[in-house]
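Q: here is a sequence with its predicted model. Questions after.
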Amino acid sequence: MSSCILGIETSCDETAAAVVSFEGTVLSNVLQSQHAIHERFGGVVPELASRQHVETIEVVVQEALDQAHVGWDDVKAVAVTHGPGLAGALVVGVSFAKALAYAAHIPVIGIHHLQGHIASAWIDNPEFPFPCVVLVVSGGHTHLYVLPDADHCQLLGRTIDDAAGEAFDKGAKMLGLGFPGGPALDRLASQGNREAVHFPRPYLHRGGLNFSFSGIKTSLLYHLRDQKKSGVPFSESDIAASYQEAIVDVLAAKAFRAVSQHHVQALAVVGGVSANSRLRHVLKERAAVQGIQLALP
């Protein structure tokens, strides 16, 4: 067996471990979800997340090693997310990684959460080109970068308040869709009319390449309040589709604006929200029209 690295991730509510060869091949990827634990609270409870990491991390790491068919003699370093994320959850992963590294006499490497997201663009496509623009869009982050090469990363814009993923989750909660909200809203929106309700496109034509999603949440709150007061029947799927479309419009517009401004021909969109089906469709459509190489890991 060739040399490999063990990766550990505990930044929020999922315990994950993976083994990657020195050549860049993912040999295993094991994830333990906590959705069932947090569902009744409508969101992640940090203390419960930390306790669950303590209970599952050893099993998850061992399963990753077993699936990769490697032993500790093959592991030459332990990489672990050290932030940003939930403080207590991060402590579990970092402490476990440091203990493993100490016992095995190998290095421990702290990994920035967003750098991990960015690097995911090259897992399925190692030949994805530089320079490129990368949009990191997740439950806690909405950041836009330009990467002139593999060793440099320049921040172009970020959310000034809430992340896009939080806007999806909170919107789903207002619509009574449960947890995790983002995927539930995506499913409901697929049945609705995207043009039924006009929600604002915050910071679409101002703010440079920064984002803002707090206002659109407020807009949804007021719209639902007014609809219920009116007593007139309304379609939740239409509202979900229209709300989702507003967020997707802003994300796609800013990403391709960055591509144009920095004269690059490649765009990667990474993070949990990149799984949103409408966002993927819009990105693929625009990339095809503009001749931009698109990575959606």
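A: Looks like it arrived, so ask away. Numbers count the residues shown, from 1 in each chain.
Q: C-alpha from now on. contacts and neighbour counts both.
A: Noted.
Q: residues near F41, how many?
A: Using other C-alpha atoms under 10 Å, F41 is surrounded by 11 other residues.
Q: got phi/psi on it?
A: Dihedral angles of F41 (phi, psi; degrees, to the nearest 10) stand at phi -100, psi -10.
Q: from G93, how far out is it?
A: Going from F41 to G93 by C-alpha to C-alpha, to the nearest Å gives 24 Å.
Q: same deal with R280?
A: With distances taken as C-alpha to C-alpha, R280 is found 31 Å from G93.
Q: so which of these two has more stuff around it?
A: Per other C-alpha under 10 Å, whichever of R280 and G93 has more neighbours is G93, with 26 against 16.
Q: report pLDDT for the more buried one.
A: Predicted confidence (pLDDT) for G93: 97.
Q: which strand or helix spans it?
A: Taking DSSP states H and E as the definition, G93 sits inside helix 87-104.
Q: for V289, same thing?
A: Here V289 sits within helix 277-290, counting by DSSP H and E.
Q: list the buried residues of that helix.
A: By neighbour count on 16 or more other C-alpha atoms under 10 Å, the buried set for helix 277-290 is 278-280, 282-284, 287.
Q: and the next helix or strand past that helix?
A: Immediately after helix 277-290, counting by DSSP H and E, sits strand 293-295.
Q: buried residues, the lowest-mean-pLDDT helix or strand in the chain. List them.
A: Among the helices and strands of the chain, helix 35-38 carries the lowest confidence by mean pLDDT, DSSP states H and E, at a mean of 83. Buried residues in helix 35-38, defined by neighbour count with 16+ other C-alpha under 10 Å: 37-38.
Q: first to last residue in stretch 258-271, what's the distance?
A: End to end - C-alpha to C-alpha - stretch 258-271 spans 18 Å.
Q: quick one: H223 from L155, how far?
A: Distance, H223 to L155, using C-alpha to C-alpha: 34 Å.
Q: need the residues that contact stretch 20-33.
A: Here stretch 20-33 makes contact (C-alpha atoms under 8 Å, 6 or more residues apart in numbering) with 2-7, 13-19, 56, 60-61, 63-65, 67-68, 123.
Q: just the CA atoms of that stretch, as CSV, please.
A: Extracted in CSV, the C-alpha atoms of stretch 20-33 (Å, rounded to 0.1, in the frame of the first residue of the first chain):
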residue,chain,number,x,y,z
VAL,A,20,-6.5,10.0,0.5
SER,A,21,-3.4,8.6,-1.2
PHE,A,22,-0.4,10.7,-1.8
GLU,A,23,-1.4,10.6,-5.5
GLY,A,24,-4.7,12.3,-4.7
THR,A,25,-7.0,9.3,-4.9
VAL,A,26,-9.8,9.2,-2.4
LEU,A,27,-9.6,5.7,-0.9
SER,A,28,-12.5,6.0,1.6
ASN,A,29,-15.0,8.6,2.7
VAL,A,30,-17.1,7.9,5.8
LEU,A,31,-19.8,10.3,7.2
GLN,A,32,-22.0,10.0,10.3
SER,A,33,-25.0,12.3,10.1
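Q: so which bits of it are buried?
A: 20-21, 26-32.
Q: how about those, which pair is most distant?
A: Between any two of the buried residues of stretch 20-33, the greatest separation by C-alpha to C-alpha is 21.9 Å, found for S21 and Q32.
Q: one step back: now do the helix holding G93: which elements does it pack against?
A: Under the contact definition 3 or more C-alpha pairs under 8 Å, 6 or more residues apart in numbering; DSSP states H and E, helix 87-104 sits against strand 4-9, helix 46-68, strand 75-83, strand 108-112.
Q: partner strands of the shortest one and their direction?
A: To tie it back to what came earlier, the one meant is strand 108-112. Sheet pairing of strand 108-112 (DSSP bridges) gives strand 75-83 (parallel).
Q: the partner strand versus strand 4-9: what angle between them?
A: With axes from the mean of the first three to the mean of the last three C-alpha atoms, to 10 degrees applied, the angle from strand 75-83 to strand 4-9 works out at 20 degrees.
Q: quick check: buried residues in strand 75-83?
A: 75-83.
Q: and for stretch 233-248?
A: Residues of stretch 233-248 classed as buried: 236-248 (neighbour count, 16+ other C-alpha under 10 Å).
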